[in-house]
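[1] Provided below are the primary sequence and the corresponding predicted coordinates.
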Amino acid sequence: MSAEAFTRADGPGRYIVNRVSRGPWDQNSLHARVLAGLFGHEIEIGYAGDGFHVARLTIDLYRLPTLAPCEITSRYVREGNRIRVVEVEYLSEGVSYARGTAVLLKRTDNPAGNVWSPPDWTVPKPAQLPDQRIPSGLANANWEPMWETKAITSRDPQNVGQGAAWLRETRQLVEGVELTPFVRAASAADWTNPAANWGSNGLEFINADITLYLHRYPRGEWVGFHVASHHSADGIAVGECTMYDEEGAIGSSTVCAIAQRRKS
């Protein structure tokens, strides 16, 4: 990855945010996928050792962050032998913009019995699909797309069916730090909002949270999203995607969202 990183470290838990981190809603706002990635990074380096796996990460996005330098604070809520719970918070210029909690579970042997699971999707691999430009409904003159995207199903005003796509990160989250499988998944999970809440007028919902569940981390660079659900009423939407790597399902991501117009 030779492109400019989204952030650079400025001491433990502190980050300088680069302009490439801006999101599609406001030219001076931080993209939620960068915030989610930083939460994932801090949780992984601080709490995920000793065979513990981050099985859930929930993030409450209650204020749109600016591109000012930030600090990620974290603490144990519970440090157990098999279950750890961690709380994280995003602070910038003395203001709290988001909080999150993570549940980490100790890896062990899987039970011997059989349990029903839905079948994996059957779709072309990323190498079999053409590159895709970001859909016009997501585009913004001040925003540069953050993923390499390969569409499995077309998303345009004439096609608002069940969406599916592969995504691959094109930048480091933190300058000089290679992406880990968990951080790839945490960063990508924000894609659930445009994937599940896309409509005939493009994207008109901004998500207020992200909840990521992972029974295993992705293997390889590509993360797949298959829309599992979308429902909305009174300007409030809930959307869900099943997440994949090239070997099969890895978990799911859910968002709640509120009707929103982008600012120029």
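    On my side now, so go ahead. Residues are numbered from 1 along each chain as shown.

[2] switch to C-alpha atoms for all contacts and neighbour counts from now on
    Fine.

[3] against Leu35, how distant is the closest residue to Val17 other than its chain neighbours?
    In this structure, Val17 finds its nearest non-sequential neighbour in Thr7, 4.5 Å apart by CA to CA, 6 or more residues apart in numbering. Going from Thr7 to Leu35 by CA to CA, to the nearest Å gives 10 Å.

[4] what pLDDT does the model give Asn140?
    On pLDDT, Asn140 comes in at 47.

[5] cool, and Pro218?
    For Pro218, pLDDT reads 98.

[6] now do the one 4 residues further on
    If you check Trp222, the pLDDT there is 97.

[7] check Gln132 too.
    Looking at Gln132, its pLDDT is 66.

[8] same thing with Ile210?
    For Ile210, the pLDDT comes out at 98.

[9] confidence-wise, which helix or strand of the protein is lowest on average?
    One helix or strand of the chain scores below all others by mean pLDDT, DSSP states H and E: strand 147-151, with a mean of 83.

[10] buried residues, that one. List them.
    Trp147, Thr149, Lys150, Ala151 (16 or more other CA atoms under 10 Å).

[11] and stretch 244-264, by the same measure?
    The neighbour-count check on stretch 244-264 (16+ other CA under 10 Å) flags 244-246, 249-258 as buried.

[12] any idea how far the residue nearest to Val123 when sequence neighbours are not counted is from Trp166?
    Closest residue to Val123 apart from its sequence neighbours, by CA to CA, 6+ apart: Ile152 at 7.2 Å. Separation of Ile152 from Trp166 (CA to CA) stands at 7 Å.

[13] of those two, give the one with the bigger neighbour count.
    It is Trp166, of Ile152 and Trp166, that has more neighbours when counted by other CA atoms under 10 Å, with 24 against 20.

[14] now do the contacts for the closest residue to that one other than its chain neighbours.
    Residue nearest to Trp166 in three dimensions, not counting chain neighbours: Gly224, with 4.3 Å by CA to CA, 6+ apart. Each residue near Gly224 by CA atoms under 8 Å, 6 or more residues apart in numbering is listed here: Ala164, Ala165, Trp166, Leu167, Met243, Tyr244, Asp245, Glu246.

[15] nice, that's everything, thank you.
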